[in-house]
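A.B. asks: have a look at this fold, sequence not included:
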(Lines give C-alpha, C1' and ligand atoms only; values in the text may rest on other atoms or scores of the structure.)
Protein backbone atom coordinates (compact mmCIF):
# COMPACT_ATOMS: atom_id res chain seq x y z
CA UNK A 1 0.00 0.00 0.00
CA UNK A 2 2.41 2.65 1.22
CA UNK A 3 4.89 1.62 -1.42
CA UNK A 4 2.58 2.15 -4.37
CA UNK A 5 4.70 4.36 -6.63
CA UNK A 6 1.90 5.22 -9.02
CA UNK A 7 -1.53 6.30 -7.76
CA UNK A 8 -3.14 5.82 -11.15
CA UNK A 9 -4.09 2.15 -10.86
CA UNK A 10 -5.97 2.78 -7.61
CA UNK A 11 -7.46 6.00 -8.94
CA UNK A 12 -8.81 4.21 -11.98
CA UNK A 13 -10.19 1.51 -9.66
CA UNK A 14 -12.33 4.07 -7.83
CA UNK A 15 -13.23 5.79 -11.08
CA UNK A 16 -14.48 2.53 -12.57
CA UNK A 17 -16.59 1.81 -9.47
CA UNK A 18 -18.07 5.31 -9.52
CA UNK A 19 -18.92 4.92 -13.21
CA UNK A 20 -20.63 1.58 -12.56
CA UNK A 21 -22.69 3.02 -9.70
CA UNK A 22 -23.69 6.04 -11.81
CA UNK A 23 -24.72 3.76 -14.69
CA UNK A 24 -26.75 1.60 -12.31
CA UNK A 25 -28.51 4.66 -10.87
CA UNK A 26 -29.24 6.03 -14.35
CA UNK A 27 -30.92 2.78 -15.29
CA UNK A 28 -32.83 2.71 -12.01
CA UNK A 29 -34.18 6.27 -12.35
CA UNK A 30 -35.27 6.74 -15.95
CA UNK A 31 -37.29 9.84 -16.71
CA UNK A 32 -40.67 8.11 -16.67
CA UNK A 33 -44.19 9.15 -15.67
CA UNK A 34 -44.95 10.94 -13.49
CA UNK A 35 -42.24 13.11 -15.12
CA UNK A 36 -42.91 15.94 -12.68
CA UNK A 37 -41.70 13.58 -9.97
CA UNK A 38 -38.99 11.55 -11.70
CA UNK A 39 -37.26 14.40 -13.46
CA UNK A 40 -36.33 16.18 -10.19
CA UNK A 41 -35.48 12.82 -8.63
CA UNK A 42 -33.05 12.09 -11.44
CA UNK A 43 -31.59 15.59 -11.29
CA UNK A 44 -31.17 15.76 -7.51
CA UNK A 45 -29.67 12.28 -7.34
CA UNK A 46 -26.86 13.34 -9.62
CA UNK A 47 -26.59 16.92 -8.35
CA UNK A 48 -25.52 15.76 -4.89
CA UNK A 49 -21.73 15.66 -4.64
CA UNK A 50 -20.38 12.13 -4.75
CA UNK A 51 -19.29 10.59 -1.51
CA UNK A 52 -17.04 7.60 -1.49
CA UNK A 53 -19.20 5.59 0.94
CA UNK A 54 -20.95 3.94 -2.02
CA UNK A 55 -17.71 3.05 -3.78
CA UNK A 56 -16.31 1.76 -0.49
CA UNK A 57 -19.29 -0.60 -0.28
CA UNK A 58 -18.27 -2.14 -3.61
CA UNK A 59 -14.58 -2.19 -2.72
CA UNK A 60 -15.27 -3.96 0.59
CA UNK A 61 -17.42 -6.52 -1.20
CA UNK A 62 -14.63 -7.21 -3.68
CA UNK A 63 -12.00 -7.32 -0.94
CA UNK A 64 -13.77 -10.19 0.86
CA UNK A 65 -14.12 -12.06 -2.42
CA UNK A 66 -17.56 -10.95 -3.59
CA UNK A 67 -18.63 -9.74 -7.01
CA UNK A 68 -19.30 -6.11 -7.78
CA UNK A 69 -22.91 -6.86 -8.71
CA UNK A 70 -23.67 -8.24 -5.28
CA UNK A 71 -23.12 -4.84 -3.67
CA UNK A 72 -24.45 -2.62 -6.47
CA UNK A 73 -27.99 -2.13 -5.12
CA UNK A 74 -26.68 -1.33 -1.64
CA UNK A 75 -24.06 1.08 -3.01
CA UNK A 76 -26.75 2.82 -5.07
CA UNK A 77 -29.09 2.98 -2.08
CA UNK A 78 -26.34 4.60 -0.04
CA UNK A 79 -25.82 7.28 -2.65
CA UNK A 80 -29.58 7.88 -2.77
CA UNK A 81 -29.75 8.29 1.03
CA UNK A 82 -26.90 10.77 0.85
CA UNK A 83 -28.56 12.67 -2.02
CA UNK A 84 -31.81 12.95 -0.04
CA UNK A 85 -30.00 14.19 3.06
CA UNK A 86 -27.98 16.67 0.99
CA UNK A 87 -31.13 18.02 -0.69
CA UNK A 88 -32.95 18.47 2.61
CA UNK A 89 -29.91 20.04 4.28
CA UNK A 90 -30.02 22.82 1.73
CA UNK A 91 -33.73 23.62 1.92
CA UNK A 92 -34.40 27.25 2.78
CA UNK A 93 -36.08 27.00 6.17
CA UNK A 94 -36.93 29.99 8.28
CA UNK A 95 -35.04 28.82 11.36
CA UNK A 96 -31.73 28.38 9.56
CA UNK A 97 -30.13 31.56 10.83
CA UNK A 98 -26.77 30.64 9.40
CA UNK A 99 -27.68 28.60 6.36
CA UNK A 100 -25.26 26.35 4.56
CA UNK A 101 -23.36 27.88 1.65
CA UNK A 102 -25.88 28.66 -1.06
CA UNK A 103 -26.25 26.02 -3.73
CA UNK A 104 -28.06 26.24 -7.02
CA UNK A 105 -31.68 25.25 -6.53
CA UNK A 106 -33.09 23.83 -9.73
CA UNK A 107 -36.53 23.40 -8.17
CA UNK A 108 -38.76 25.13 -5.68
CA UNK A 109 -38.38 24.23 -1.99
CA UNK A 110 -41.50 22.11 -1.91
CA UNK A 111 -40.43 20.04 -4.90
CA UNK A 112 -36.99 19.53 -3.37
CA UNK A 113 -38.59 18.51 -0.08
CA UNK A 114 -40.91 16.00 -1.74
CA UNK A 115 -38.17 14.67 -3.99
CA UNK A 116 -35.98 13.94 -0.99
CA UNK A 117 -38.96 12.23 0.61
CA UNK A 118 -39.33 10.07 -2.48
CA UNK A 119 -35.65 9.22 -2.78
CA UNK A 120 -35.39 7.57 0.65
CA UNK A 121 -38.03 4.85 0.10
CA UNK A 122 -36.92 4.50 -3.53
CA UNK A 123 -33.39 3.58 -2.43
CA UNK A 124 -34.70 0.99 0.00
CA UNK A 125 -37.10 -0.37 -2.59
CA UNK A 126 -34.18 -0.89 -4.99
CA UNK A 127 -32.43 -2.85 -2.30
CA UNK A 128 -35.45 -4.92 -1.27
CA UNK A 129 -36.25 -5.70 -4.90
CA UNK A 130 -32.74 -6.94 -5.48
CA UNK A 131 -33.60 -9.75 -3.05
CA UNK A 132 -36.81 -10.69 -4.77
CA UNK A 133 -34.90 -11.06 -8.02
CA UNK A 134 -31.95 -13.04 -6.76
CA UNK A 135 -33.71 -15.04 -4.11
CA UNK A 136 -30.56 -16.52 -2.71
CA UNK A 137 -29.00 -13.87 -0.54
CA UNK A 138 -32.15 -12.67 1.25
CA UNK A 139 -30.69 -12.78 4.71
CA UNK A 140 -27.66 -10.73 3.77
CA UNK A 141 -29.72 -8.04 2.06
CA UNK A 142 -32.15 -7.94 4.97
CA UNK A 143 -29.29 -7.30 7.32
CA UNK A 144 -28.09 -4.57 4.98
CA UNK A 145 -31.51 -2.88 5.06
CA UNK A 146 -31.25 -2.68 8.85
CA UNK A 147 -27.67 -1.37 8.55
CA UNK A 148 -28.62 1.37 6.10
CA UNK A 149 -31.85 2.50 7.79
CA UNK A 150 -29.98 2.74 11.07
CA UNK A 151 -27.03 4.65 9.58
CA UNK A 152 -29.18 7.26 7.88
CA UNK A 153 -31.85 7.58 10.59
CA UNK A 154 -32.28 9.21 13.95
CA UNK A 155 -29.23 7.69 15.57
CA UNK A 156 -27.06 8.31 12.54
CA UNK A 157 -27.01 10.96 9.85
CA UNK A 158 -30.13 12.72 11.21
CA UNK A 159 -28.52 12.96 14.64
CA UNK A 160 -25.37 14.43 13.06
CA UNK A 161 -27.38 16.92 11.03
CA UNK A 162 -29.28 17.95 14.15
CA UNK A 163 -26.07 18.51 16.12
CA UNK A 164 -24.55 20.43 13.21
CA UNK A 165 -27.65 22.60 13.01
CA UNK A 166 -27.60 23.37 16.74
CA UNK A 167 -23.88 24.22 16.70
CA UNK A 168 -24.09 26.30 13.54
CA UNK A 169 -26.95 28.36 14.96
CA UNK A 170 -25.28 29.05 18.27
CA UNK A 171 -21.65 29.41 17.27
CA UNK A 172 -19.62 31.12 14.63
CA UNK A 173 -17.40 29.09 12.31
CA UNK A 174 -14.40 29.69 14.55
CA UNK A 175 -15.83 28.53 17.84
CA UNK A 176 -16.78 24.90 17.17
CA UNK A 177 -14.90 22.69 19.56
CA UNK A 178 -13.18 19.50 18.51
CA UNK A 179 -15.77 17.36 20.30
CA UNK A 180 -18.61 18.86 18.27
CA UNK A 181 -16.73 18.35 15.02
CA UNK A 182 -15.86 14.77 15.89
CA UNK A 183 -19.46 14.03 16.85
CA UNK A 184 -20.88 15.35 13.58
CA UNK A 185 -18.20 13.65 11.45
CA UNK A 186 -18.76 10.36 13.26
CA UNK A 187 -22.54 10.44 12.79
CA UNK A 188 -22.61 11.75 9.23
CA UNK A 189 -19.71 10.72 7.01
CA UNK A 190 -18.31 8.28 9.60
CA UNK A 191 -21.59 6.44 9.93
CA UNK A 192 -22.27 6.33 6.20
CA UNK A 193 -18.80 5.05 5.31
CA UNK A 194 -18.83 2.52 8.13
CA UNK A 195 -22.21 1.32 6.92
CA UNK A 196 -21.01 1.18 3.31
CA UNK A 197 -17.94 -0.88 4.17
CA UNK A 198 -19.87 -3.22 6.48
CA UNK A 199 -22.66 -3.72 3.93
CA UNK A 200 -20.15 -4.51 1.19
CA UNK A 201 -18.46 -7.08 3.40
CA UNK A 202 -21.80 -8.63 4.39
CA UNK A 203 -22.98 -8.88 0.79
CA UNK A 204 -19.66 -10.25 -0.41
CA UNK A 205 -19.86 -13.04 2.15
CA UNK A 206 -17.14 -11.78 4.49
CA UNK A 207 -16.65 -13.29 7.93
CA UNK A 208 -18.02 -11.46 10.97
CA UNK A 209 -14.49 -10.33 11.82
CA UNK A 210 -14.02 -8.95 8.31
CA UNK A 211 -17.35 -7.12 8.52
CA UNK A 212 -16.41 -5.46 11.81
CA UNK A 213 -12.88 -4.55 10.71
CA UNK A 214 -14.15 -3.02 7.49
CA UNK A 215 -16.88 -1.21 9.43
CA UNK A 216 -14.23 0.43 11.61
CA UNK A 217 -12.05 1.18 8.59
CA UNK A 218 -15.07 2.90 7.01
CA UNK A 219 -15.76 4.85 10.20
CA UNK A 220 -12.25 6.29 10.25
CA UNK A 221 -12.19 7.01 6.51
CA UNK A 222 -15.56 8.76 6.76
CA UNK A 223 -14.44 10.82 9.72
CA UNK A 224 -11.37 11.91 7.74
CA UNK A 225 -13.70 12.88 4.91
CA UNK A 226 -15.86 14.92 7.29
CA UNK A 227 -12.88 16.62 8.87
CA UNK A 228 -11.31 17.57 5.55
CA UNK A 229 -14.36 18.33 3.43
CA UNK A 230 -17.43 18.32 5.69
CA UNK A 231 -18.08 20.16 8.90
CA UNK A 232 -14.36 20.17 9.76
CA UNK A 233 -13.47 22.07 6.61
CA UNK A 234 -11.53 25.24 7.30
CA UNK A 235 -11.49 24.49 11.01
CA UNK A 236 -8.28 24.58 12.97
CA UNK A 237 -6.52 21.56 14.39
CA UNK A 238 -7.84 19.00 11.94
CA UNK A 239 -4.44 17.86 10.62
CA UNK A 240 -3.45 16.06 13.81
CA UNK A 241 -6.79 14.33 14.08
CA UNK A 242 -6.74 13.25 10.46
CA UNK A 243 -3.27 11.83 10.84
CA UNK A 244 -4.37 9.86 13.89
CA UNK A 245 -7.42 8.51 12.04
CA UNK A 246 -5.26 7.47 9.06
CA UNK A 247 -3.18 5.36 11.40
CA UNK A 248 -6.24 3.80 13.01
CA UNK A 249 -7.83 3.08 9.65
CA UNK A 250 -4.76 1.37 8.24
CA UNK A 251 -4.48 -0.79 11.36
CA UNK A 252 -7.96 -2.19 10.84
CA UNK A 253 -6.91 -3.68 7.52
CA UNK A 254 -4.06 -5.72 9.00
CA UNK A 255 -6.15 -8.90 9.05
CA UNK A 256 -6.32 -8.70 5.28
CA UNK A 257 -2.55 -8.87 4.90
CA UNK A 258 -1.53 -11.07 2.06
CA UNK A 259 -4.52 -10.04 0.02
CA UNK A 260 -4.67 -7.20 -2.40
CA UNK A 261 -5.49 -4.32 -0.11
CA UNK A 262 -3.70 -1.58 -2.07
CA UNK A 263 -6.90 -0.43 -3.69
CA UNK A 264 -9.07 -0.05 -0.63
CA UNK A 265 -6.14 1.31 1.39
CA UNK A 266 -5.61 4.09 -1.10
CA UNK A 267 -8.60 5.89 0.39
CA UNK A 268 -6.56 6.96 3.39
CA UNK A 269 -3.59 8.12 1.38
CA UNK A 270 -3.37 11.87 1.24
CA UNK A 271 -5.16 13.40 -1.70
CA UNK A 272 -7.23 10.38 -2.57
CA UNK A 273 -9.81 10.60 0.16
CA UNK A 274 -12.93 12.17 -1.33
CA UNK A 275 -12.97 10.97 -4.91
CA UNK B 1 -72.67 -6.68 7.22
CA UNK B 2 -75.44 -4.26 6.27
CA UNK B 3 -77.70 -5.88 8.82
CA UNK B 4 -75.47 -5.22 11.80
CA UNK B 5 -77.87 -3.55 14.23
CA UNK B 6 -75.24 -2.36 16.66
CA UNK B 7 -72.06 -0.66 15.49
CA UNK B 8 -70.37 -1.07 18.85
CA UNK B 9 -68.80 -4.51 18.32
CA UNK B 10 -67.06 -3.35 15.15
CA UNK B 11 -66.15 -0.03 16.67
CA UNK B 12 -64.52 -1.75 19.60
CA UNK B 13 -62.68 -4.02 17.15
CA UNK B 14 -61.04 -1.01 15.48
CA UNK B 15 -60.44 0.66 18.83
CA UNK B 16 -58.63 -2.41 20.13
CA UNK B 17 -56.44 -2.57 17.02
CA UNK B 18 -55.62 1.14 17.29
CA UNK B 19 -54.70 0.68 20.95
CA UNK B 20 -52.41 -2.24 20.12
CA UNK B 21 -50.64 -0.29 17.36
CA UNK B 22 -50.20 2.73 19.64
CA UNK B 23 -48.77 0.51 22.38
CA UNK B 24 -46.38 -1.11 19.90
CA UNK B 25 -45.21 2.30 18.66
CA UNK B 26 -44.73 3.57 22.21
CA UNK B 27 -42.49 0.62 22.98
CA UNK B 28 -40.61 1.10 19.71
CA UNK B 29 -39.92 4.80 20.26
CA UNK B 30 -38.92 5.26 23.88
CA UNK B 31 -37.48 8.63 24.82
CA UNK B 32 -33.86 7.54 24.71
CA UNK B 33 -30.58 9.25 23.79
CA UNK B 34 -30.16 11.28 21.71
CA UNK B 35 -33.20 12.83 23.45
CA UNK B 36 -33.04 15.87 21.18
CA UNK B 37 -33.83 13.48 18.32
CA UNK B 38 -36.12 10.90 19.93
CA UNK B 39 -38.33 13.30 21.85
CA UNK B 40 -39.59 15.06 18.67
CA UNK B 41 -39.83 11.70 16.91
CA UNK B 42 -42.07 10.39 19.67
CA UNK B 43 -44.13 13.57 19.71
CA UNK B 44 -44.61 13.87 15.94
CA UNK B 45 -45.45 10.19 15.56
CA UNK B 46 -48.39 10.60 17.88
CA UNK B 47 -49.32 14.15 16.83
CA UNK B 48 -50.18 13.00 13.29
CA UNK B 49 -53.89 12.24 13.00
CA UNK B 50 -54.59 8.52 12.93
CA UNK B 51 -55.39 7.00 9.57
CA UNK B 52 -57.06 3.65 9.38
CA UNK B 53 -54.57 2.21 6.86
CA UNK B 54 -52.55 0.74 9.73
CA UNK B 55 -55.58 -0.82 11.41
CA UNK B 56 -56.72 -2.15 8.05
CA UNK B 57 -53.39 -3.92 7.72
CA UNK B 58 -54.10 -5.81 10.96
CA UNK B 59 -57.73 -6.47 10.04
CA UNK B 60 -56.74 -7.90 6.64
CA UNK B 61 -54.16 -10.12 8.29
CA UNK B 62 -56.77 -11.45 10.71
CA UNK B 63 -59.35 -11.87 7.96
CA UNK B 64 -57.10 -14.26 6.02
CA UNK B 65 -56.40 -16.22 9.17
CA UNK B 66 -53.22 -14.59 10.44
CA UNK B 67 -52.37 -13.39 13.95
CA UNK B 68 -52.35 -9.74 14.92
CA UNK B 69 -48.66 -9.90 15.83
CA UNK B 70 -47.68 -10.93 12.32
CA UNK B 71 -48.83 -7.59 10.90
CA UNK B 72 -47.92 -5.34 13.83
CA UNK B 73 -44.53 -4.14 12.53
CA UNK B 74 -45.98 -3.39 9.08
CA UNK B 75 -48.97 -1.57 10.58
CA UNK B 76 -46.64 0.50 12.74
CA UNK B 77 -44.37 1.25 9.79
CA UNK B 78 -47.38 2.46 7.82
CA UNK B 79 -48.36 4.85 10.56
CA UNK B 80 -44.78 6.12 10.75
CA UNK B 81 -44.70 6.76 6.98
CA UNK B 82 -47.95 8.68 7.28
CA UNK B 83 -46.63 10.67 10.26
CA UNK B 84 -43.50 11.65 8.33
CA UNK B 85 -45.52 12.72 5.29
CA UNK B 86 -47.94 14.68 7.47
CA UNK B 87 -45.09 16.47 9.24
CA UNK B 88 -43.38 17.43 5.99
CA UNK B 89 -46.66 18.53 4.39
CA UNK B 90 -47.06 21.14 7.09
CA UNK B 91 -43.54 22.58 6.98
CA UNK B 92 -43.55 26.31 6.33
CA UNK B 93 -41.87 26.55 2.93
CA UNK B 94 -41.57 29.76 0.98
CA UNK B 95 -43.26 28.44 -2.15
CA UNK B 96 -46.41 27.32 -0.39
CA UNK B 97 -48.57 30.22 -1.46
CA UNK B 98 -51.70 28.63 -0.12
CA UNK B 99 -50.45 26.63 2.79
CA UNK B 100 -52.40 23.88 4.44
CA UNK B 101 -54.51 24.88 7.44
CA UNK B 102 -52.16 25.94 10.21
CA UNK B 103 -51.31 23.24 12.72
CA UNK B 104 -49.56 23.61 16.04
CA UNK B 105 -45.81 23.33 15.50
CA UNK B 106 -44.16 22.00 18.61
CA UNK B 107 -40.71 22.30 17.06
CA UNK B 108 -38.83 24.55 14.67
CA UNK B 109 -39.06 23.81 10.95
CA UNK B 110 -35.61 22.28 10.75
CA UNK B 111 -36.27 19.90 13.63
CA UNK B 112 -39.57 18.87 12.06
CA UNK B 113 -37.83 18.33 8.72
CA UNK B 114 -35.09 16.19 10.23
CA UNK B 115 -37.52 14.27 12.40
CA UNK B 116 -39.56 13.32 9.35
CA UNK B 117 -36.33 12.27 7.67
CA UNK B 118 -35.56 10.04 10.63
CA UNK B 119 -39.03 8.53 10.88
CA UNK B 120 -39.01 7.05 7.35
CA UNK B 121 -35.94 4.82 7.76
CA UNK B 122 -36.93 4.07 11.35
CA UNK B 123 -40.24 2.59 10.20
CA UNK B 124 -38.52 0.42 7.64
CA UNK B 125 -35.89 -0.63 10.15
CA UNK B 126 -38.66 -1.79 12.51
CA UNK B 127 -40.04 -3.88 9.70
CA UNK B 128 -36.70 -5.31 8.57
CA UNK B 129 -35.75 -6.14 12.15
CA UNK B 130 -38.98 -8.02 12.64
CA UNK B 131 -37.64 -10.49 10.07
CA UNK B 132 -34.30 -10.92 11.71
CA UNK B 133 -36.09 -11.80 14.95
CA UNK B 134 -38.64 -14.20 13.55
CA UNK B 135 -36.54 -15.69 10.82
CA UNK B 136 -39.39 -17.68 9.33
CA UNK B 137 -41.43 -15.23 7.28
CA UNK B 138 -38.56 -13.38 5.60
CA UNK B 139 -40.01 -13.55 2.11
CA UNK B 140 -43.33 -12.12 3.16
CA UNK B 141 -41.79 -9.22 5.04
CA UNK B 142 -39.43 -8.52 2.16
CA UNK B 143 -42.37 -8.27 -0.19
CA UNK B 144 -44.03 -5.94 2.30
CA UNK B 145 -40.97 -3.67 2.35
CA UNK B 146 -41.28 -3.31 -1.44
CA UNK B 147 -45.03 -2.67 -1.09
CA UNK B 148 -44.57 0.06 1.52
CA UNK B 149 -41.63 1.84 -0.08
CA UNK B 150 -43.52 1.94 -3.36
CA UNK B 151 -46.75 3.19 -1.77
CA UNK B 152 -45.09 6.04 0.08
CA UNK B 153 -42.55 6.98 -2.59
CA UNK B 154 -42.43 8.85 -5.87
CA UNK B 155 -45.17 6.89 -7.58
CA UNK B 156 -47.41 6.94 -4.53
CA UNK B 157 -47.91 9.40 -1.69
CA UNK B 158 -45.18 11.76 -2.94
CA UNK B 159 -46.81 11.90 -6.37
CA UNK B 160 -50.15 12.69 -4.72
CA UNK B 161 -48.62 15.38 -2.54
CA UNK B 162 -46.97 16.91 -5.57
CA UNK B 163 -50.22 17.00 -7.53
CA UNK B 164 -52.04 18.44 -4.53
CA UNK B 165 -49.39 21.11 -4.19
CA UNK B 166 -49.60 22.08 -7.87
CA UNK B 167 -53.40 22.25 -7.81
CA UNK B 168 -53.56 24.13 -4.53
CA UNK B 169 -51.12 26.75 -5.81
CA UNK B 170 -52.92 27.33 -9.09
CA UNK B 171 -56.55 26.96 -8.08
CA UNK B 172 -58.84 28.12 -5.33
CA UNK B 173 -60.63 25.60 -3.15
CA UNK B 174 -63.69 25.79 -5.39
CA UNK B 175 -62.09 25.07 -8.72
CA UNK B 176 -60.53 21.65 -8.26
CA UNK B 177 -61.98 19.28 -10.77
CA UNK B 178 -63.09 15.76 -9.93
CA UNK B 179 -60.17 14.24 -11.84
CA UNK B 180 -57.64 16.10 -9.69
CA UNK B 181 -59.39 15.08 -6.49
CA UNK B 182 -59.59 11.46 -7.57
CA UNK B 183 -55.91 11.44 -8.55
CA UNK B 184 -54.76 12.81 -5.20
CA UNK B 185 -57.08 10.53 -3.19
CA UNK B 186 -55.93 7.51 -5.18
CA UNK B 187 -52.24 8.24 -4.68
CA UNK B 188 -52.39 9.34 -1.07
CA UNK B 189 -55.04 7.68 1.07
CA UNK B 190 -55.98 5.18 -1.63
CA UNK B 191 -52.41 3.97 -2.07
CA UNK B 192 -51.73 3.78 1.66
CA UNK B 193 -54.91 1.86 2.46
CA UNK B 194 -54.43 -0.47 -0.52
CA UNK B 195 -50.88 -1.10 0.66
CA UNK B 196 -52.03 -1.67 4.24
CA UNK B 197 -54.68 -4.19 3.26
CA UNK B 198 -52.36 -6.01 0.83
CA UNK B 199 -49.53 -6.14 3.36
CA UNK B 200 -51.84 -7.52 6.04
CA UNK B 201 -53.05 -10.23 3.68
CA UNK B 202 -49.49 -11.10 2.62
CA UNK B 203 -48.27 -11.32 6.21
CA UNK B 204 -51.29 -13.34 7.32
CA UNK B 205 -50.61 -15.91 4.62
CA UNK B 206 -53.52 -15.01 2.33
CA UNK B 207 -53.75 -16.40 -1.19
CA UNK B 208 -52.75 -14.20 -4.12
CA UNK B 209 -56.42 -13.65 -4.93
CA UNK B 210 -57.12 -12.58 -1.35
CA UNK B 211 -54.17 -10.18 -1.44
CA UNK B 212 -55.40 -8.55 -4.63
CA UNK B 213 -59.05 -8.35 -3.50
CA UNK B 214 -58.05 -6.79 -0.20
CA UNK B 215 -55.69 -4.40 -2.02
CA UNK B 216 -58.61 -3.16 -4.12
CA UNK B 217 -60.87 -2.97 -1.08
CA UNK B 218 -58.21 -0.83 0.62
CA UNK B 219 -57.89 1.38 -2.45
CA UNK B 220 -61.60 2.18 -2.44
CA UNK B 221 -61.76 2.66 1.33
CA UNK B 222 -58.76 4.98 1.20
CA UNK B 223 -60.26 6.99 -1.65
CA UNK B 224 -63.46 7.39 0.37
CA UNK B 225 -61.33 8.61 3.27
CA UNK B 226 -59.56 11.12 1.02
CA UNK B 227 -62.84 12.35 -0.47
CA UNK B 228 -64.53 12.81 2.88
CA UNK B 229 -61.66 13.99 5.06
CA UNK B 230 -58.65 14.65 2.82
CA UNK B 231 -58.34 16.77 -0.29
CA UNK B 232 -62.02 16.17 -1.16
CA UNK B 233 -63.21 17.67 2.10
CA UNK B 234 -65.70 20.48 1.60
CA UNK B 235 -65.62 19.95 -2.17
CA UNK B 236 -68.82 19.58 -4.14
CA UNK B 237 -70.04 16.37 -5.73
CA UNK B 238 -68.24 13.95 -3.45
CA UNK B 239 -71.35 12.16 -2.18
CA UNK B 240 -72.03 10.38 -5.47
CA UNK B 241 -68.41 9.30 -5.83
CA UNK B 242 -68.26 8.04 -2.29
CA UNK B 243 -71.44 6.03 -2.76
CA UNK B 244 -70.00 4.46 -5.90
CA UNK B 245 -66.77 3.59 -4.13
CA UNK B 246 -68.67 2.01 -1.22
CA UNK B 247 -70.35 -0.32 -3.68
CA UNK B 248 -67.08 -1.21 -5.37
CA UNK B 249 -65.38 -1.81 -2.04
CA UNK B 250 -68.09 -4.11 -0.75
CA UNK B 251 -67.99 -6.10 -3.98
CA UNK B 252 -64.30 -6.88 -3.53
CA UNK B 253 -65.05 -8.72 -0.30
CA UNK B 254 -67.49 -11.16 -1.89
CA UNK B 255 -64.88 -13.91 -2.11
CA UNK B 256 -64.72 -13.89 1.66
CA UNK B 257 -68.38 -14.74 2.02
CA UNK B 258 -68.99 -17.23 4.72
CA UNK B 259 -66.23 -15.83 6.81
CA UNK B 260 -66.55 -13.13 9.39
CA UNK B 261 -66.31 -10.02 7.27
CA UNK B 262 -68.54 -7.77 9.37
CA UNK B 263 -65.60 -6.17 11.08
CA UNK B 264 -63.54 -5.23 8.05
CA UNK B 265 -66.67 -4.31 6.09
CA UNK B 266 -67.70 -1.79 8.72
CA UNK B 267 -65.06 0.58 7.35
CA UNK B 268 -67.29 1.45 4.40
CA UNK B 269 -70.41 1.96 6.47
CA UNK B 270 -71.29 5.60 6.82
CA UNK B 271 -69.81 7.24 9.85
CA UNK B 272 -67.24 4.58 10.57
CA UNK B 273 -64.72 5.41 7.88
CA UNK B 274 -61.94 7.44 9.48
CA UNK B 275 -61.70 6.00 12.97
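C.D. replies: The structure has been received and is ready for your questions. Owing to the predicted nature of the structure, the values given are computational and were not obtained by experimental measurement.

A.B. asks: drop to CA atoms for contacts and neighbour counts, all remaining ones
C.D. replies: OK.

A.B. asks: show me what from the stretch 1-150 of chain A comes close to chain B.
C.D. replies: A:34, A:37-38, A:88, A:92-96, A:108-111, A:113-115, A:117-122, A:124-125, A:128-129, A:131-132, A:138-139, A:142-143, A:145-146, A:149-150 (C-alpha under 8 Å from any C-alpha of the partner chain).

A.B. asks: so what's the closest residue to residue A:149 other than its chain neighbours up against?
C.D. replies: Spatially, and ignoring its direct neighbours in sequence, residue A:149 is nearest to residue B:121 (4.7 Å; C-alpha to C-alpha, 6 or more residues apart in numbering or on different chains). Residue B:121 sits next to A:120-121, A:149-150, A:152-153 when contact means C-alpha atoms under 8 Å, 6 or more residues apart in numbering or on different chains.

A.B. asks: and what of residue A:144?
C.D. replies: Taking C-alpha under 8 Å, 6+ apart, one finds A:74, A:199, A:202-203 in contact with residue A:144.

A.B. asks: pretty sure residue A:188 contacts residue A:156?
C.D. replies: Yes: the pair residue A:188 and residue A:156 passes the contact test of C-alpha atoms under 8 Å, sitting 6.5 Å apart.

A.B. asks: flag every residue of the stretch 151-275 of chain A that's near chain B.
C.D. replies: A:152-155, A:158-159, A:161-162.

A.B. asks: may I see these organised as TSV, with secondary structure, pLDDT and neighbour count added?
C.D. replies: What follows is those, written out as TSV (DSSP: H, G, I helix; E, B strand; the rest coil; pLDDT from 0 to 100; neighbours: other C-alpha atoms under 10 Å in any protein chain shown):
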residue	secondary structure	pLDDT	neighbour count
A:152	helix	96	28
A:153	coil	93	26
A:154	coil	89	29
A:155	coil	90	19
A:158	helix	92	27
A:159	helix	92	26
A:161	helix	91	21
A:162	helix	90	19
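
A.B. asks: out of these, who's nearest residue A:214?
C.D. replies: Residue A:214 has its nearest neighbour among these in residue A:152, at 18.2 Å by C-alpha to C-alpha.

A.B. asks: ok, now how distant is that closest one from residue A:144?
C.D. replies: Relative to residue A:144, residue A:152 is positioned 12 Å away (C-alpha to C-alpha, to the nearest Å).

A.B. asks: what's the answer for residue A:189, then?
C.D. replies: From residue A:189 to residue A:144 the distance is 18 Å (C-alpha to C-alpha).

A.B. asks: do residue A:224 as well
C.D. replies: To residue A:144, residue A:224 is 24 Å away according to C-alpha to C-alpha.

A.B. asks: next: residue A:163.
C.D. replies: Residue A:163 is 26 Å from residue A:144, by C-alpha to C-alpha.

A.B. asks: and residue A:43, by the same measure?
C.D. replies: 26 Å.

A.B. asks: residue contacts, the spatially most central residue of chain A?
C.D. replies: For chain A, the residue nearest the mean C-alpha position is residue A:53 (3.2 Å; C-alpha atoms, centre = their mean). By C-alpha under 8 Å, 6+ apart, the contact list for residue A:53 reads A:75, A:78-79, A:189, A:192-197, A:218, A:222.

A.B. asks: mind doing that once more with 7 Å?
C.D. replies: A:192-193, A:196 (C-alpha atoms under 7 Å, 6 or more residues apart in numbering or on different chains).

A.B. asks: and which of those is nearest to residue A:240?
C.D. replies: Using C-alpha to C-alpha, the contacts of residue A:53 come closest to residue A:240 at residue A:193, 20.7 Å.

A.B. asks: list the contacts of the closest residue to residue A:48 other than its chain neighbours.
C.D. replies: Leaving aside its sequence neighbours, residue A:48 sits nearest to residue A:83 (C-alpha to C-alpha, 6+ apart; 5.2 Å). Listed by C-alpha under 7 Å, 6+ apart, the contact set of residue A:83 reads A:44-45, A:48.

A.B. asks: most neighbours among those, please name it.
C.D. replies: Counting neighbours by other C-alpha atoms under 10 Å in any protein chain shown, the top entry in the contacts of residue A:83 is residue A:45, with 26 neighbours.

A.B. asks: that residue against residue A:78, yeah?
C.D. replies: No: using C-alpha atoms under 7 Å, residue A:45 makes no contact with residue A:78, being 11.1 Å away.

A.B. asks: stretch A:183-196: how far from the chain's middle?
C.D. replies: Centroid separation for stretch A:183-196 versus its chain: 8 Å, with C-alpha atoms, centre = their mean, to the nearest Å.

A.B. asks: and it, how far apart are its ends?
C.D. replies: 19 Å.

A.B. asks: circling back: turn the contacts of residue A:144 into CSV, including neighbour count, pLDDT and secondary structure.
C.D. replies: Converted to CSV, the contacts of residue A:144 look like this (neighbours: other C-alpha atoms under 10 Å in any protein chain shown; pLDDT from 0 to 100; DSSP: H, G, I helix; E, B strand; the rest coil):
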residue, neighbour count, pLDDT, secondary structure
A:74, 29, 97, helix
A:199, 34, 98, helix
A:202, 28, 96, helix
A:203, 31, 95, helix
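
A.B. asks: which one of the contacts of residue A:53 is nearest to residue A:176?
C.D. replies: Out of the contacts of residue A:53, the member with the shortest distance to residue A:176 (by C-alpha to C-alpha) is residue A:192, at 22.3 Å.

A.B. asks: ok, the closest one to chain B distance?
C.D. replies: According to C-alpha to the nearest C-alpha, to the nearest Å, residue A:192 stands 14 Å off from chain B.

A.B. asks: check the gap between that residue and residue A:19 for me.
C.D. replies: Distance of residue A:192 to residue A:19, computed by C-alpha to C-alpha: 20 Å.
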